[in-house]
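Asks: Pasted the sequence and its predicted model underneath.
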Amino acid sequence: MFAMPSPPPCGSRGGASRAAALLVLAVGLLGCGVGEEAGPDAGPLDPLGLHDWASAVVHQSGERWVGERLADREPDARPPTAVRLESELAPIAIHAAGDVGEATVASALRGVEAMHALLLQEGWPEAIMDGGRGGTVGFDVYLVDDVMSRAGFDQRSLFSYLDRGSSFARAPSWLPSADTEVCAATAYAEARLLSLDPAEAESWRRATAAYLAQRLTGRWGCEDEALENQAQPFEAYVPYADEVPTAGGALLLAALSQRHESTAGEFVASLWDLASQRTWEGTGYRGSPDLWEALETVLRVSDDPTAAAIETVALDRFLAGTRRTPSSPAWVAQLGPNAAPPALLTLSTSHLSTHPPSTGELDPPIEIEPTGTFYALVHVGEAAPQSRLRVFLRGEFGVAWSLAVARLASDGRELGRMSAPSRRGTPHSYLPVELGDDTVWVAIAVTNLGREARESRHFPVPNVDGTRSDARAARIMLELVSDEPAPAGATPEAAPPG
């Protein structure tokens with residue numbers, strides 16, 4: 001959390017400089033009165049004008065928040081129920097209609113109890129009390145037929161320092177018991193996150209809940225919803241706040257957690273701590289800092305810039321599922337055997353002239369969402385020794401683009417990877433790939449990094465930036481350059497890895 005400096009105790013002495021001493025005196029004059037409120041002008045009690053001087057210093061030196069503001073949330077109606085099962089282990093109750101079976105209700109309770117224990121163990125803030133809504137003193141989870149949103153909101157908390165609110169959860173009632181257990185746990189996590197930060201985007205709540213569910217159950221959220229992003233990698237991990245919410249950000253959280261945490265769960269929990277805020281002025285909620293800003297800040301401080309991290313994750317997630325090798329990161333193995341994302345362009349160098357070079361081009365241009373990735377897979381087994389594959393990227397203006405490649409052996413084993421340095425002001429990139437004797441496949445990843453950064457170390461924040469760009473089109477060109485003809489025993493074109 002961001003810490004606000006406290007005024008020195010009354011009677012304390014400062015000794016840094018005359019200006020500092022005057023400021024300490026001014027703060028002391030403001031903070032040491034008993035039973036009186038400081039007014040806008042201290043009048044005769046402040047003959048030197050220190051009060052006005054100190055206020056001017058604060059206003060001129062401090063940054064003013066001018067970001068997004070969200071309206072107050074309206075309370076959600078709680079579903080009608082006929083059955084209630086209360087936990088003996090935690091302040092939790094499961095509610096359901098009369099036609100929902102006892103086994104389904106019991107499965108939901110097991111899932112919620114397990115998620116509650118995980119959050120408690122890892123130090124997440126306790127749920128805000130809901131004032132006895134639902135007929136219980138604890139947290140309420142409802143099994144319903146129609147789940148519009150898994151997290152329901154009651155009201156804003158008036159007694160918490162940070163923005164908080166009481167909430168409840170909705171989970172589907174028609175699933176098999178094993179799926180009900182996972183979905184109820186996921187819904188409970190989403191509702192707790194809504195209580196923790198009512199201003200955060202629903203996609204980040206879904207992503208975080210799916211990440212927690214995977215660690216708890218091995219499933220990527222309710223019905224493995226986060227894996228939908230693997231099947232469509234050109235979609236954003238976390239869409240803009242005004243778009244249809246998804247849970248794909250769970251993959252990004254899992255990858256970055258493995259890179260940066262020493263204790264399981266601390267990375268994601270710390271992000272939510274950092275993104276929490278207090279709206280002390282006006283109505284509604286401050287929308288900043290949000291999870292994107294917290295993530296960008298943590299990675300920058302860790303010398304792992306967000307753009308570079310997303311670029312690395314883009315290649316890691318391609319080598320998943322049936323493409324996975326023993327050197328793949330652990331989180332990739334957790335995606336399952338069928339999680340290899342598709343390569344939308346697969347071709348062989350036999351379709352390219354060797355000398356002089358000719359071009360293979362994807363037409364029409366690719367449409368890639370911010371933080372999404374397009375993959376191409378090129379078979380180079382028939383290329384002559386010492387050949388070079390030139391990869392050109394032409395992207396739409398307005399966003400930053402990443403171009404990275406990985407060289408693969410015949411068995412899919414990764415031999416090496418490289419990326420083109422980003423160039424500010426132009427969306428064009430180029431990579432010359434020296435193939436070598438063992439390279440049979442070249443995997444190409446083109447990633448939309450979002451609106452071009454304001455400065456080299458800042459990552460554009462999709463949920464907050466008011467001047468976002470919708471530029472998404474990109475085109476790649478391939479050239480094979482070789483001074484020798486392909487050998488007679490060249491590796492014939494084989495099925496793509498995975």
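Replies: Alright, I've got the coordinates. Numbering: from 1, shown residues only.

Asks: who touches Glu202 in this structure?
Replies: Neighbouring residues of Glu202 by CB atoms under 8 Å, 6 or more residues apart in numbering: Ser149, Ala151, Ala241, Pro245. C-betas here are computed from N, CA, C, even on glycine.

Asks: at 7 Å what do you get?
Replies: Pro245 (CB atoms under 7 Å, 6 or more residues apart in numbering).

Asks: now swap in Ala471 and tell me
Replies: Glu396, Phe397, Gly398, Val399.

Asks: do the same with Leu403
Replies: Counting by CB under 7 Å, 6+ apart, Leu403 has contacts Val391, Leu393, Ser419, Ala420, Ser429, Leu431, Val446.

Asks: Paired strands for the helix or strand where Ala376 lies, with orientation please.
Replies: Using DSSP states H and E, Ala376 maps to strand 373-379. For strand 373-379, the paired strands and their directions (DSSP bridges) are strand 345-348 (parallel), strand 441-451 (antiparallel).

Asks: how about the CA coordinates for that strand, as PDB?
Replies: Listed next in PDB are the C-alpha coordinates belonging to strand 373-379 (Å, rounded to 0.1, in the frame of the first residue of the first chain):
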ATOM      1  CA  THR A 373      -0.300 -12.800 -29.700                       C
ATOM      2  CA  PHE A 374      -0.300 -14.200 -33.200                       C
ATOM      3  CA  TYR A 375       1.800 -17.300 -33.900                       C
ATOM      4  CA  ALA A 376       3.400 -18.500 -37.100                       C
ATOM      5  CA  LEU A 377       5.300 -21.800 -37.500                       C
ATOM      6  CA  VAL A 378       7.800 -22.100 -40.300                       C
ATOM      7  CA  HIS A 379       9.400 -25.500 -41.300                       C
END
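
Asks: And that strand, what's buried?
Replies: Residues Thr373, Phe374, Tyr375, Ala376, Leu377, Val378, His379 are the ones in strand 373-379 that count as buried (16 or more other CB atoms under 10 Å).

Asks: Next secondary structure element downstream of that strand?
Replies: strand 388-395.

Asks: With just CA atoms, put that next one into PDB.
Replies: What follows is strand 388-395 as a C-alpha-only set of coordinates in PDB (Å, rounded to 0.1, in the frame of the first residue of the first chain):
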ATOM      1  CA  ARG A 388      19.000 -17.200 -42.700                       C
ATOM      2  CA  LEU A 389      15.200 -16.600 -42.200                       C
ATOM      3  CA  ARG A 390      14.400 -13.000 -42.300                       C
ATOM      4  CA  VAL A 391      11.200 -12.000 -40.500                       C
ATOM      5  CA  PHE A 392       9.700  -8.600 -41.100                       C
ATOM      6  CA  LEU A 393       6.800  -7.100 -39.100                       C
ATOM      7  CA  ARG A 394       4.700  -4.200 -40.200                       C
ATOM      8  CA  GLY A 395       2.200  -3.200 -37.600                       C
END
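
Asks: Show me what it is packed against.
Replies: strand 399-408, strand 428-434, strand 441-451, strand 473-481 (3 or more CB pairs under 7 Å, 6 or more residues apart in numbering; DSSP states H and E).

Asks: So which residues of the stretch 101-250 of the chain form strands?
Replies: All strands of the stretch 101-250 of the chain, identified by DSSP state E, counting those that start in this stretch, fall at 139-144, 151-156, 165-172.

Asks: where in the stretch 251-400 of the chain is pLDDT low?
Replies: Filtered on pLDDT under 70, the stretch 251-400 of the chain yields the residue ranges 352-364.

Asks: for it, what spans make up the helices?
Replies: For the stretch 251-400 of the chain, helices defined by DSSP state H, counting those that start in this stretch occupy the ranges 266-275, 291-301, 306-318, 330-333.
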